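[1] Need coordinates for the following:
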Amino acid sequence: MSDLLMAIEAEARGDFAAALEHYVKLADRSSSLDRIGIFQALARCHEKLGRLREAGTWRQQAGRGYLALSDDVMKADERQYLALVEYRNAVQDLHADPAISEVAKEYAAVLKENFSEGAEGLTHEGLFAGAFFQSLGDHLLAAKYFFDTAEVLSEQAADSNDRVLREAAVDAYDRAHASAMKAGRADVARVAQVRASDLRQMD
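    Now for the predicted structure:
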């Protein structure tokens, strides 16, 4: 039986250690797109076994794999978003690990590309990014993602008259204000404070 089938069958029955033994043999053998799936499977099995550092490294490899795909294999915007998802998983797995600094730089670059046209459709990613960079002490990036995401949430709340979205926007502006102050960007902090205040008055 092939390593691929043996790996999948082992994973299906919850024998993640056995699945790893077979998946790792496939990591360098498959096509560029299939290899990403193997990286994801390796990460998934390590996560199930509680080996988060190893999982994070494979998530990072999956993110790099998406970025390396050519346009004839996958559209740029699609592979950028899928890479973002893998990098988000990687930084979650590597939280508090020394390897986080390298992955955080790659994650920041992928985030920047995904947010190049704004935070529309990326509000969850934006809030996660703000909280992540805040936890690393990078208050300037935290302020950026909290503020940009708050802007989109505020627009969505206005269009739908949704109180929950409005409260989320206020919270994001508040966090943008706090991070901007720590980053020495009083101008951004003032705008965030004013926007949050305006939204509060709508309640």
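[2] so where's the protein uncertain?
    Low-confidence segments of the chain (pLDDT under 70): 1, 203.
[3] If we use 90, what do you get?
    In the prediction, the chain carries residues with pLDDT under 90 at positions 1, 28-32, 96, 99, 117, 201-203.
[4] Could I get the full set of helices for this protein?
    3-12, 16-23, 32-48, 52-68, 76-93, 100-114, 123-136, 139-160, 163-182, 186-200 (DSSP state H).
[5] how far away is the residue nearest the centre of the chain from residue 118?
    With distances taken as Cα atoms, centre = their mean, the residue of the chain nearest its centroid is residue 88 (2.7 Å). Using Cβ to Cβ, to the nearest Å, residue 88 is found at 18 Å from residue 118. C-betas here are computed from N, CA, C, even on glycine.
[6] domains for this protein, by residue range?
    1-114, 121-203 (automatic domain parsing).
[7] Now do the shortest one: distance to the chain's middle.
    This points to domain 121-203. Its chain's C-alpha centre and that of domain 121-203 lie 17 Å apart, by Cα atoms, centre = their mean, to the nearest Å.
[8] Kindly report the same for stretch 4-14.
    Relative to the mean C-alpha coordinate of its chain, stretch 4-14 is positioned 28 Å out (Cα atoms, centre = their mean).
[9] Stretch 120-133 too?
    The chain centroid and the centroid of stretch 120-133 are separated by 8 Å under Cα atoms, centre = their mean.
[10] for stretch 41-54, same thing?
    17 Å.
[11] Would you mind measuring the gap between the ends of that stretch?
    12 Å (Cα to Cα, to the nearest Å).
[12] If we go by neighbour counts, what in it is buried?
    With burial defined by 16 or more other Cβ atoms under 10 Å, the residues of stretch 41-54 counted as buried are 41-47, 51-52, 54.
[13] Also stretch 195-202?
    195-196, 199.
[14] Then stretch 77-92?
    Buried residues in stretch 77-92 (16+ other Cβ under 10 Å): 79-91.
[15] For the residues you listed, work out which two are farthest apart.
    Largest separation among the buried residues of stretch 77-92 by Cβ to Cβ: 79 and 91, giving 18.7 Å.
[16] circling back to that earlier point, can I get the buried residues of stretch 41-54 in CSV including distance to residue 2?
    Output for the buried residues of stretch 41-54, formatted as CSV (distance: Cβ to Cβ, whole Å):
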residue, distance to residue 2
41, 14
42, 17
43, 21
44, 19
45, 17
46, 22
47, 24
51, 25
52, 29
54, 24
